[in-house]
Each structure stands twice: as structure tokens, then as C-alpha cells.
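J.: need a 3D model of the sequence below.
(one chain, ligands or ions: 1)
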Amino acid sequence: MASPPLAHDPNRIPAPLQRAREHSRAPSVRSVGSTVDRDGRVIEEVGSPGESVPLELLQSIYLSPNSPSPDTGSFPSSSGMTWTGTAHQRTESFSSDRYSPHNVPDWPSAVSFTSRTTFPPVKKLPKAQKRRVLVTGGAGFVGSHLVDRLMFLGHDVVVLDNFFSGSKSTLSHWVGHPNFELVRGDVVEPLLIEVDQIYHLACPASPKAYQINAVKTLKTSFMGTLNMLGLAKRTKARFLLSSTSEVYGSPTVHPQPESYWGNVNPNGPRSCYDEGKRVAEALTYGYARQDGVDVRVARIFNCFGPRMSADDGRLVSNFVVAALKGEPLQVYGDGEATRSLMFVHDLISGLIALMESDYSEGPVNIGSPDEGSVLSWASTILALVKDLRASGSIPPLPAGQKESEIEFVPAVVDDPPRRKPDITLAKEVLAWEPRWTVMAGLEETIRYFAGQLAEGE
Ligand SMILES: O=C(O)[C@H]1O[C@H](OP(=O)(O)OP(=O)(O)OC[C@H]2O[C@@H](n3ccc(=O)[nH]c3=O)[C@H](O)[C@@H]2O)[C@H](O)[C@@H](O)[C@@H]1O
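T.: Modelled structure (predicted):
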């Protein structure tokens with residue numbers, strides 16, 4: 001089904017293009033060599049001590065053989081994997097010589113598959129430490145990164161997903177692993193299994209996706225959360241709800257602390273998601289007070305990274321894909337709305353830290369304080385893609401094709417004008433704060449999408 005266009009406000013006047021051009025003449029923004037964190041330390045592992053996973057292992061899964069390498073800035077050969085050592089345990093499964101598409105008449109784009117016999121290496125945990133973890137929405141962008149992390153840490157993971165916005169390909173590397181189970185199903189139906197922890201992520205999260213079927217989004221938020229809380233009550237599992245910064249609506253307090261009650265339009269085009277998540281929070285604390293369910297609530301602020309789908313509709317994926325293709329970066333409205341961007345590995349570390357913490361008194365903001373205007377993020381992404389191209393790290397544009405430009409299009413209805421988390425509480429109770437710079441995260445995301453585009457995804 002084609003996605004209906006987002007509602008636009010025709011009365012908002014786009015800012016002059018000249019300002020965008022000034023922004024995009026930003027100086028070189030690219031960092032060189034290994035990925036370093038905010039303190040200038042090389043990032044070798046992600047996650048808190050005791051719960052950390054080597055970055056190279058994670059990258060070996062989500063970066064394709066066609067993704068440019070961070071250190072050499074060069075392309076790996078399209079015929080083989082570039083990762084070595086324990087991280088390289090993937091089975092080659094594409095078009096062997098024998099079954100090459102060229103050898104199959106009339107099948108120009110055929111792909112052959114072999115069954116996987118080896119898996120990425122996972123920790124061996126003593127029985128007492130091994131948890132049975134349910135991740136609803138585990139095939140989605142955020143869910144699949146969480147599943148990777150939990151699998152590497154050695155837990156038993158069950159994923160429940162209806163594949164509305166998630167995809168089986170995000171988890172194909174675990175299918176058949178004895179610690180892993182993938183269930184096609186919808187959280188609006190009850191699920192009868194035995195678990196120790198539930199990460200409840202299931203719900204379309206991009207404004208484009210959640211507005212396609214507003215009633216279904218509300219049903220997922222309400223009935224899905226009700227069912228998963230019922231499961232938590234029966235199994236005495238700890239329950240973590242992925243809530244959102246959208247519960248703050250168009251905030252009148254900036255930055256937003258957890259104590260702020262928000263300013264949400266209860267019947268606008270975004271209300272299906274905003275109010276859905278607000279009722280999901282109310283249900284969660286209802287079960288905690290009434291039935292003693294052990295709950296955690298994470299309010300997630302704008303997150304980006306590999307495995308966002310190219311047509312996801314959100315800022316980073318839209319701008320990166322457009323810049324790589326040489327298409328216009330469309331800024332809705334005047335581009336003055338602000339967002340604070342967090343890289344996905346930081347979010348996963350925050351979610352696990354919250355699940356494992358003793359803090360259950362109320363919601364915790366998980367987000368980055370790196371606030372910038374939409375226009376400034378568009379300019380930054382454009383400049384970064386240009387730099388990576390100039391250094392030969394990603395493919396050049398086809399001959400004759402011009403670099404992307406910023407284009408202003410009408411504003412989106414009820415688009416929150418500014419957003420930045422107050423993360424004092426997360427620092428205090430979880431000892432968590434973002435480690436990745438936006439630049440390092442954007443480079444990783446650009447490498448991911450460059451690999452995807454090279455494979456024709
Ligand atoms: O992460 C959050 O805190 C919440 O908000 C986001 O919603 P939004 O901030 O509107 O995310 P985007 O769709 O990425 O938009 C960010 C800003 O960029 C603008 N934008 C987006 C895409 C684009 O192509 N052009 C553009 O100008 C939007 O109008 C908006 O002002 C996410 O989509 C929600 O899932 C999430 O819960």
C-alpha cells in the first residue's frame with residue numbers, strides 16, 4: 001500500500017535558499033581514522049563494563065561487505081568479507097560461480113542462498129545468569145540492535161514481530177541459533193510464553209509509518225502494552241516500555257526533564273503515537289501500582305544509525321540517502337525546528353542499563369543533548385558526504401550528476417518546534433550518557449547506507 005503524504009501546512013513560508021547555501025559551505029567536518037568517542041578515546045567496545053560487546057562484532061553483522069571501511073577509507077572487494085578473526089563467521093551465500101546469475105538464462109538478478117552453519121560468537125553464560133528475554137518489535141531498527149547485543153551477551157532471546165516496519169533480514173544472522181527464536185505475531189494478541197525480561201518496543205516509530213494507520217498505531221500502543229504487561233504479571237518478568245520524547249509534544253519547557261507533563265495535541269495527526277505512548281505509560285504504572293509488576297520506562301529521543309530503512313522517512317535516513325544519491329535534501333518548513341540526535345549504540349546501552357538498574361520510580365529520558373536545527377543537520381550531512389566522497393571513502397557520483405542541494409518544502413502539521421532531553425536523571429541513576437559523537441555516528445550510518453546502495457537495496 002502506498003504511504004499517504006504527510007499533512008502539510010501551506011501557510012508556513014520556507015526560509016530563503018541562500019541561508020541553506022551558506023550553511024552547506026561548512027568547513028571540512030570529517031574525522032579521520034578509528035572511531036573515537038566524545039573524550040577522544042577509540043571506541044572498541046559498546047555497553048557498560050560487564051555488559052559490553054566489541055564494536056567490530058556488531059559491525060561485522062550490520063555493515064555489508066560493500067560498506068566502506070572506517071580506517072582504510074577504501075572499499076572491500078565485492079566478492080568477499082573484509083572482517084577477520086572471531087568476528088568473521090558469516091556464511092558466504094551470494095551467487096556462487098556455479099549458480100551465478102550469469103549462468104541462469106533469463107534470471108538477470110537471481111540470488112542463490114545456502115543454509116547458515118556457523119553463527120557470530122556469543123558469550124557462554126552460567127545458567128543462573130542466563131535470562132530468557134522477550135523483545136517485541138525485535139526485527140525493527142532499534143529492536144534488532146538490542147537483539148544483537150543481548151545475543152552476544154549470551155542470553156536466550158525471543159523476538160515477537162509482525163514485520164510491519166521491521167524486516168526479517170535484520171535478524172537473519174541469528175535464525176537457527178539455539179539461543180534465538182523468531183515469532184511472527186502481533187502484540188495486539190496475547191502471547192503465552194515464559195520469560196524473565198520483556199523489552200516492549202513494538203510500534204511503528206517514524207511519523208511517516210505511524211500515521212499510515214492511526215487506529216492500528218493506537219491499538220498497538222494500548223492493546224499491545226496491555227497484553228505484554230499481562231504477560232509480565234503472570235511470569236513475574238521485569239517489563240521495560242520504550243516510550244518517546246513525543247509524550248512532551250510541542251514542549252513549553254526546554255530542555256525537557258521527566259517531570260514535565262508535556263503539551264500534546266490530543267487529536268492531531270501525531271496524536272495516535274503521542275497519546276498512544278502516553279496511555280502505554282499510564283498502563284505501565286497502573287500495573288506497577290496495582291499488581292506490583294516490576295517496570296521501567298525509557299523515553300527515547302531521536303535516534304539514528306545503521307538499519308534504519310532507506311524509506312523510513314526520518315531526518316537522518318532521508319538526508320543521508322538523498323545526499324548519497326545526489327537528490328535534494330528536503331527540509332520541511334523553515335528548517336529552524338531543533339532535534340537532538342543520538343546514535344543507536346548509545347540508546348541500546350541506555351536501555352540495557354535501565355533494565356538492569358534498580359530505578360523503577362518513573363520514566364527516564366534516554367537521548368543526546370546534541371541539539372541542532374534541522375537545517376544545520378541537513379548541511380552537516382551534506383558536507384560529510386561530500387568529504388567522504390572527496391577522500392574516496394564512498395563512491396563518486398555518476399559522471400554528469402550534480403551534488404545534492406537543500407530544498408525547502410511545506411512544513412509538517414504539529415511538528416514539534418524544538419526538542420532536547422534533560423538527561424540529569426539518566427546520569428544519576430544509570431551512570432549513562434551518550435558516548436558517540438553525532439559525527440562518528442553519522443559516518444557509520446553513511447558507510448552503512450553506501451553499502452546498501454552498492455548492493456542495490
Ligand atoms: O525520537 C523521538 O524523539 C521521536 O520523534 C521522532 O519524530 P521526529 O522528531 O518528528 O523525527 P523525524 O521524522 O526524524 O523529524 C525530525 C525533524 O526533521 C524534519 N524532517 C524530517 C525528514 C525530512 O526529510 N525532512 C525534514 O525536514 C521534521 O519535520 C522534523 O522537524 C521519531 O520519529 C519518533 O519515533 C520518536 O519517538
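
J.: please point out which parts of the helix or strand where residue 440 lies sit buried.
T.: Secondary structure assignment for residue 440, by DSSP states H and E: helix 438-454. Applying a neighbour-count criterion of 16 or more other CB atoms under 10 Å, one finds 438-454 buried in helix 438-454. (C-beta placed from N, C-alpha, C; glycine too.)

J.: ok, now which ones touch residue 183?
T.: Under the criterion of CB atoms under 8 Å, 6 or more residues apart in numbering, the contact list for residue 183 reads 158, 159, 160, 161, 191.

J.: surely residue 335 is in contact with residue 408?
T.: Yes. The pair formed by residue 335 and residue 408 meets the contact definition of CB atoms under 8 Å, at 7.0 Å.

J.: okay, now the one residue in the stretch 51-200 of the chain that gets nearest to the ligand: neighbour count?
T.: Distance from the ligand to each residue of the stretch 51-200 of the chain (CB to the nearest ligand atom) is smallest for residue 142, at 9.3 Å. Look at residue 142: counted by other CB atoms under 10 Å, it has 24 neighbours.

J.: any residue of the helix holding residue 440 up close to the ligand?
T.: No. Helix 438-454 lies out of reach of the ligand by CB under 6 Å from any ligand atom, never closer than 12.9 Å.

J.: rewinding a little: the residue of the stretch 51-200 of the chain closest to the ligand touches residue 303, doesn't it?
T.: Yes. Proximity of residue 142 to residue 303 meets the contact threshold set by CB under 8 Å, at 6.5 Å.

J.: got any residues that touch both of the two?
T.: Residues touching both residue 142 and residue 303 by CB under 8 Å, 6+ apart: 344, 347.

J.: so who does the closest residue to residue 34 other than its chain neighbours touch?
T.: With sequence-adjacent residues excluded and distances taken as CB to CB, 6 or more residues apart in numbering, residue 34 is closest to residue 42, at 4.7 Å. For residue 42, the residues meeting the contact criterion (CB under 8 Å, 6+ apart) are 34, 35, 36.

J.: so which residues on this protein come close to the ligand?
T.: If contacts are counted using CB under 6 Å from any ligand atom, the residues of the chain sitting beside the ligand are 205-207, 244-246, 300-303, 314-315, 318, 330-332, 337, 339, 374, 412, 415.

J.: run through this structure and note the low-pLDDT ranges.
T.: Within the chain, the set of residues satisfying pLDDT under 70 comprises 1-33, 69-111, 113-117.

J.: got the domain boundaries for it?
T.: Following automatic domain parsing, the chain resolves into domains at 8-90+122-454, 93-121.

J.: let me know whether residue 402 touches residue 327 as I believe.
T.: No. The pair formed by residue 402 and residue 327 falls short of the contact definition of CB under 8 Å, at 10.2 Å.

J.: compare those two (neighbour count), which wins?
T.: Set side by side, residue 402 and residue 327 show more neighbours around residue 327, with 14 against 7, by other CB under 10 Å.

J.: so that one: helix, strand or coil?
T.: Following DSSP: H, G, I helix; E, B strand; the rest coil, the label given to residue 327 is coil.

J.: and the helix of greatest length in the chain, how far out from the chain middle?
T.: Longest helix of the chain, by residue count under DSSP state H: helix 271-291. For helix 271-291, the distance between its averaged C-alpha position and the chain's averaged C-alpha position is 23 Å (CA atoms, centre = their mean, to the nearest Å).

J.: do the same with stretch 427-443
T.: Relative to where its chain is centred, stretch 427-443 has its mean C-alpha point 14 Å off (CA atoms, centre = their mean).

J.: which outside residues touch that stretch?
T.: With contact meaning CB under 8 Å, 6+ apart, stretch 427-443 is reached by 29-31, 35-38, 43, 46, 48, 70, 304-305, 316, 320, 341-346, 349-350, 353-354, 357, 359, 364, 366-370, 372, 380-381, 384, 388, 423, 426.

J.: just the buried residues out of those, in ChimeraX syntax.
T.: This is the ChimeraX syntax for the buried subset of the contacts of stretch 427-443, where burial follows 16+ other CB under 10 Å:
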select :29,30,35,36,43,46,70,304,305,316,320,341,342,343,344,345,346,349,350,353,354,364,366,367,368,370,372,380,381,384,388,423,426
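
J.: next step: the contacts of stretch 427-443 restricted to helices.
T.: Among the contacts of stretch 427-443, the members found in helices (DSSP H) are 316, 320, 344-346, 349-350, 353-354, 380-381, 384, 388, 426.

J.: my read: residue 451 touches residue 68, true?
T.: Yes. Using CB under 8 Å, residue 451 is in contact with residue 68, at 7.4 Å.

J.: tell me where the chain has helices.
T.: Under the criterion DSSP H, the chain carries helices at the ranges 17-24, 55-62, 141-152, 207-210, 214-219, 225-235, 271-291, 315-325, 344-356, 374-390, 424-430, 438-454.

J.: just those helices: most buried one?
T.: helix 141-152 (a mean of 25; mean count of other CB atoms under 10 Å).

J.: then that helix to PDB, C-alphas only?
T.: Only the C-alpha atoms of helix 141-152 are listed here, as PDB (Å, rounded to 0.1, in the frame of the first residue of the first chain):
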ATOM      1  CA  PHE A 141      15.700  -0.700  13.600                       C
ATOM      2  CA  VAL A 142      16.200  -0.300  17.400                       C
ATOM      3  CA  GLY A 143      15.000  -3.800  18.300                       C
ATOM      4  CA  SER A 144      17.400  -5.600  16.000                       C
ATOM      5  CA  HIS A 145      20.400  -3.800  17.600                       C
ATOM      6  CA  LEU A 146      19.100  -4.700  21.000                       C
ATOM      7  CA  VAL A 147      18.700  -8.400  20.000                       C
ATOM      8  CA  ASP A 148      22.300  -8.400  18.600                       C
ATOM      9  CA  ARG A 149      23.600  -7.000  22.000                       C
ATOM     10  CA  LEU A 150      21.600  -9.500  24.100                       C
ATOM     11  CA  MET A 151      22.600 -12.400  21.900                       C
ATOM     12  CA  PHE A 152      26.300 -11.500  22.100                       C
END
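
J.: what number of residues lie near residue 265?
T.: Neighbouring residues of residue 265 were enumerated by other CB under 10 Å; the total is 14.

J.: contacts only, for the closest residue to it other than its chain neighbours.
T.: The spatially closest residue to residue 265, leaving aside those adjacent along the chain, is residue 414, at 5.4 Å (CB to CB, 6+ apart). Residues in contact with residue 414 (CB under 8 Å, 6+ apart) are 250, 265, 268, 269, 270.
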